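Participant: Turn this into a model:
(3 chains)
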Amino acid sequence: MRRRDIKCRAHGILAVAGWILILAAPSLFAASAGPASRSFDEKAVADFYRGKTVTIVVGFAPGGGYDITARMIARHVGKHVPGNPKVIVENRPGAGSLVAANLVYKGLRKDGTYITTFNSQMILQQLLGREGIEFDGRSFNWLGSVSSSQFACGVHAATGITHVKQLMGPNGKVVTMGGESPGSAITDTAAVMRAALGVKFKIIYGYAGSRPVANAVLSRELDGMCISWESFTSDLKMFFEPKKIMNMVAIFGTQVPKHPWLENAEAAEAIAPNDEARTLLKLVDAPGKLSFPYAVAPGMPADRLAALRTAFDKTLADPAFVSEYEKFRELVPRNGEEVGKIVNDLLATRPNLISDLKEALKQRVGP
Amino acid sequence: MSPKKIELAFSVAIVLFLTWSLWEARGWPLHSKLFPWSLGFSVLALALIQVAVALSGARTESKPRVEGKKGGSGANASAPGERNRIKAQMEIERADLADLGASPSDGPGLTPEAIRRRVVAICGWVLIFFLGIWLLGFKVGSFFLTFAFLKFTAKEKWRVSVAIAVGTYLFFLIVFDVALKVPLGNGFIADHFDLDSLDSYLIIRPILGFFAA
Amino acid sequence: MLDAFFSGFLQVFTFSTFSLLLVGTLIGFAVGILPGIGGLATLALMLPFVFDMKAQDAFAFLLSMLAVTSTTGDITSILFGVPGESISAALILDGHPMTKQGEAGRALGAALMSSLVGAVIGAFVLAASIPVVAPLVLTFKSPEFFALALLGITFVASLSGGSKLKGMVAAGVGLVLAMVGLDPQSGMPRYTLGLTKLWDGVGLVPVTVGLFAIPEIVDLWVQGTSIAAQRVGRLGGVWQGVKDTFIHWGITVRCSMIGTFIGIIPGLGAGVSQWVAYAHAVQSVSDKSRFGAGDVRGVLGPGAANNSGLGGSLVPTIAFGVPGNAVMALLLGAFLIKGLVPGPAMLTKHLDLVFAFVWFIVISNIITVGLCFLFLEQLARITHVRGSLLVPGILLLVFLGAYAESNTVFDMGVALIFGFIGLIMVYTDWPRPPLILGLVLGALIERNFFISYEIHRLSFLFRPLILAILVVGLGVFFLPKIQKVLARLFGIQEDIVVSEED
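Facilitator: Below you'll find the predicted structure:
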């Protein structure tokens, strides 16, 4: 409470000085947001946001999917927030977006003027107890997420592999799969695929990101890679057009989406040998359901949270935004409550499963 | 301290840094340790040779000072390129700190003592700018820092100091806030007390309010 | 083919395309001068505006902006010793000393003209190589990257001149600093002092800015004069600088080729090529005495190389959808937004658009250089302003450059620390470029070593291309020694000539 008092006093002094026209008074007395209801006092929220700037803190450098998505949202979200604040983007790259997530969670103002977008993979890292994580995904106020995808694995057509069965069993062929350092999605999904299905993936660690991995597959240094299906259909289109040189072998989830490139792919959970394997697959795939998630720090006033959530939903349904975004990537919007539920479910995973997952990720060599 | 002594100290500092880096890596798994160690040990060996060279340089210098300088440049066999540049750049300080005294050709003819004071002053200001920007952010900080530097250290006239200070403030305001919309942060003070950029209370809001009213 | 080349040219001159090219050029011009806001950030800022543009207009806008940032980024390096872009740092070494000697005009003229030549060469290599480059790009795999990075390290020899020992130690310290961050193999934090901000390593931009710019500020204040200590005729001859570009034609062209080649290889880029070009300029000349003290050839080399890289790096992006760096990845995003799928189809269906890219780069550079020449007089005049008036502004630019890449005060602290280290290095005759080179290449070396080892075990060292690169490397490393031996045999000793100047 003491810190809050100081803040009150600071505001008070400035107000008394008579310099100030608009003050964020409501923010100081509002209780922290409980389970959100969507009703809010439009006028109070508008009074707060009018003339203010809302900053979207992006956990990555300019130019990537997170950044471009945030800039598109910034262009449209302002008109849906009562009071029409100016919305800008600030890049705070570092530690795979961990820096931004930590910063917004505890380091910046909690009055609803800072929104962050970071890699949902961080939630999985929290589950695994990775060092450096200073937030609790359950306490973040989620506004929603923009896209959703399953992870999928493909191998270069030149390997001659067309079906995942060719990679399994005692006579299965070994293929090299690209990985960054452990903890990144492309590495961990491949590792879990290997542990759960027994596919003979030899993971080559150490690439500087998914892009260099894709380059290495293209130049045939690597045989294949696992990444979100959504990336295959956008950034990595060159594997399929104009000539199809990538054979998709497996996709996470219980069924294979209808898509010509996925004709020979198997759904990982459908061919998993047992329940443990299915759980592992589900766990590591969960963050993919929340591509480009947006969150606000815990402790922001409930009415503004409700207003932001509503604004976010409206933005993702705004035809102007939709037409822009769909040129860029596939739009699969989720609202804040849904995202919160997925995160809570993921973080409620039983400890024995967590240690299974850790074990699966720790293996450096395949079966 | 003379250049040779500083050189020695710097070489020793590098050795210490490398030793620390090797010590830090002692318990790491082989994958993580391979490069830090194979690089670290070989560079450490080179650095130790460098310390020896610097030591002999420093020793030469404890003979008469003028000799020292000549001996230094010979023993050092420094790069023609970089050395010429350094000469061009640091001529005065070198002359000063090697206690050779400033020769008439050396710039504005400051005394060695004055030069030393200027070095200390500017290093202090670099630090102050860092702290000022950290505390106040670029926009607000630029005004106060520029003004303070010009008025109190460069001893410029009030008019000039204020004009340039306002100019830098406007530069940050117009280029980053208005044109590019790239936020540069409001500084630690504003962030800590959950305030907007400090100038917004004093300048921007009253102006906007005036037009609104 | 030739048809497409000229129809590409004509595409530039439709009204909407040309006006957007102009707008892009002006934005790139302004932003290039600002330290910290690089081509990548600018492109990201402007990307939302291209949604509603035609493909051709969008790329006129984006490419002209990008082409120009690396040209105008050279200006602050030369005038203030503060690199406007991280890829302009090598221009400080000789460009800024020239300014101090009153030759700002000449240095700027040389930098701009060599930039133009570099950009044109890079662009035409793009045009010429698109059909034939496929095998080259796909031949380069991790073992080759490893060998190339090692080769890069050997340039330390020329970047440290006669002070080889110090150069090697500095490069070694740079390599060790490159180990800071998450270990690419196990993901374990190394040397991070418990700070997540260090997980991605020590930032190259803050280190460069601190190491090079802060000593210049100290020097400016201590001298107590204007940046240019003397006045040399009218501006020290912008025209002279332009002529220098053509007098030292060989260096300009070869460094352009270096920049283009390094640009083509994914993963490397102008961050490396500027130093290699500088080293090449030093190496290829017999009288090295003026390098580092204001030799115009030290401006021409990196000036040409950092511009020619753009054309080079576009090659793999267009031909395969393989972007070599973050800027190209962003551009690839723009391709997709515009419904273009990079790859062989670009070279058949959209060939005229590809050639239009070439012309966008060339024409925006010509416009920029033209604009610069108009303002060059005013620009160079700033070097005659009382130094004390400039110190605060330059200091702010330095910290801005350090801050703006990741928007963190932490990086300002890094710049501060390396500023003082740079000061000591200057004062005690330590060469600074090797440290930067070590820092850039260290991570590349380690990463690619492990990847190569995991895939090929140690046999990767015997791949023919690797052996070739390593032989070249040894040659580069020992060439000065051999030269020296030969020189001694014939009784010429450069060092003596130099020390007589003392």
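Participant: which residues in the stretch 201-350 of chain A form helices?
Facilitator: For the stretch 201-350 of chain A, the helices defined by DSSP state H, counting those that start in this stretch occupy A:210-218, A:229-233, A:268-271, A:275-285, A:302-317, A:319-328, A:336-347.
Participant: Residue C:351 and residue C:4 touch, don't they?
Facilitator: Yes. Assessed by Cβ atoms under 8 Å, residue C:351 is found in contact with residue C:4 at 4.2 Å. Yep, even glycine has a C-beta here, placed from its N, CA and C like the rest.
Participant: what about the strands in the stretch 51-200 of chain A?
Facilitator: Applying DSSP state E, counting those that start in this stretch to the stretch 51-200 of chain A gives strands spanning A:53-58, A:86-91, A:114-117, A:141-147, A:151-156, A:175-178.
Participant: Only the C-alpha atoms, please, for the fourth one, written as PDB.
Facilitator: Spelled out, it's strand A:141-147. Below are the C-alpha coordinates for strand A:141-147, written out as PDB (Å, rounded to 0.1, in the frame of the first residue of the first chain):
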ATOM      1  CA  ASN A 141      -5.400 -10.100 -17.500                       C
ATOM      2  CA  TRP A 142      -5.800 -11.600 -20.900                       C
ATOM      3  CA  LEU A 143      -7.400  -9.500 -23.700                       C
ATOM      4  CA  GLY A 144      -7.500 -12.300 -26.300                       C
ATOM      5  CA  SER A 145      -5.400 -13.800 -29.000                       C
ATOM      6  CA  VAL A 146      -5.300 -13.300 -32.700                       C
ATOM      7  CA  SER A 147      -4.400 -16.600 -34.200                       C
END
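Participant: For the spatially most central residue of chain A, which residues are in contact?
Facilitator: Closest to where the C-alpha atoms of chain A average out (Cα atoms, centre = their mean) is residue A:120, at 3.1 Å. Neighbouring residues of residue A:120 by Cβ atoms under 8 Å, 6 or more residues apart in numbering or on different chains: A:145, A:287-291, A:293.
Participant: how about 7 Å then?
Facilitator: A:287, A:290-291, A:293 (Cβ atoms under 7 Å, 6 or more residues apart in numbering or on different chains).
Participant: Mind listing residues that contact stretch C:432-439?
Facilitator: Applying Cβ under 7 Å, 6+ apart, the external contacts of stretch C:432-439 come out as C:89, C:93, C:152-153, C:155-156, C:159-160, C:167, C:170-175, C:177-178, C:202, C:204, C:207-208, C:211-212, C:275, C:422, C:425.
Participant: The stretch 51-200 of chain C against chain B: which residues are in contact?
Facilitator: C:93, C:97, C:100, C:160-163, C:165-166, C:168-169, C:172-173, C:175-176, C:179, C:183, C:185-186, C:188, C:190-191 (Cβ under 7 Å from any Cβ of the partner chain).
Participant: all helices for the stretch 401-502 of chain C, in order.
Facilitator: Using DSSP H, counting those that start in this stretch, helices in the stretch 401-502 of chain C cover C:409-427, C:433-456, C:464-489, C:494-500.
Participant: Just name the most buried of the ones you listed.
Facilitator: Most buried of those, by mean neighbour count (mean count of other Cβ atoms under 10 Å in any protein chain shown): helix C:433-456, with a mean of 24.
Participant: Next one: residue C:206 from residue A:110, what distance?
Facilitator: 29 Å (Cβ to Cβ, to the nearest Å).
Participant: most neighbours, which of the contacts of residue A:120?
Facilitator: Per-residue neighbour counts (other Cβ atoms under 10 Å in any protein chain shown) across those peak at residue A:293, which has 28 neighbours.
Participant: give the contact list for residue C:218.
Facilitator: When contacts are counted by Cβ under 7 Å, 6+ apart, residue C:218 touches B:119, B:122-123, C:423.
Participant: what about it, which SS state?
Facilitator: Three-state call for residue C:218 (DSSP: H, G, I helix; E, B strand; the rest coil): helix.
Participant: Would you map the strands across chain B?
Facilitator: For chain B, no strands are identified by DSSP state E.
Participant: picking up where we left off before, quick one: which of residue C:206 and residue A:110 has more around it?
Facilitator: Legend: neighbour count by other Cβ under 10 Å for residue C:206 and residue A:110, higher for residue C:206 (29 against 21).
Participant: My guess is the more buried one contacts residue C:416. True?
Facilitator: No. Using Cβ atoms under 7 Å as the test, residue C:206 is too far from residue C:416 to be in contact (8.7 Å).
Participant: Show me the contact partners of stretch A:316-335.
Facilitator: Counting by Cβ under 7 Å, 6+ apart, A:65, A:68, A:72, A:76, A:144-148, A:230, A:233-234, A:309, A:313, A:315, C:51, C:337 sit against stretch A:316-335.
Participant: do the same with stretch C:390-410
Facilitator: In contact with stretch C:390-410 (Cβ under 7 Å, 6+ apart) are residues A:90-94, B:126, B:129-130, B:133-134, B:138, B:142, B:145-146, B:149-150, B:168, B:184-185, C:35-37, C:80, C:82, C:197, C:203, C:205-206, C:209-210, C:213-214, C:217, C:220-221, C:227, C:411-412, C:414-415.
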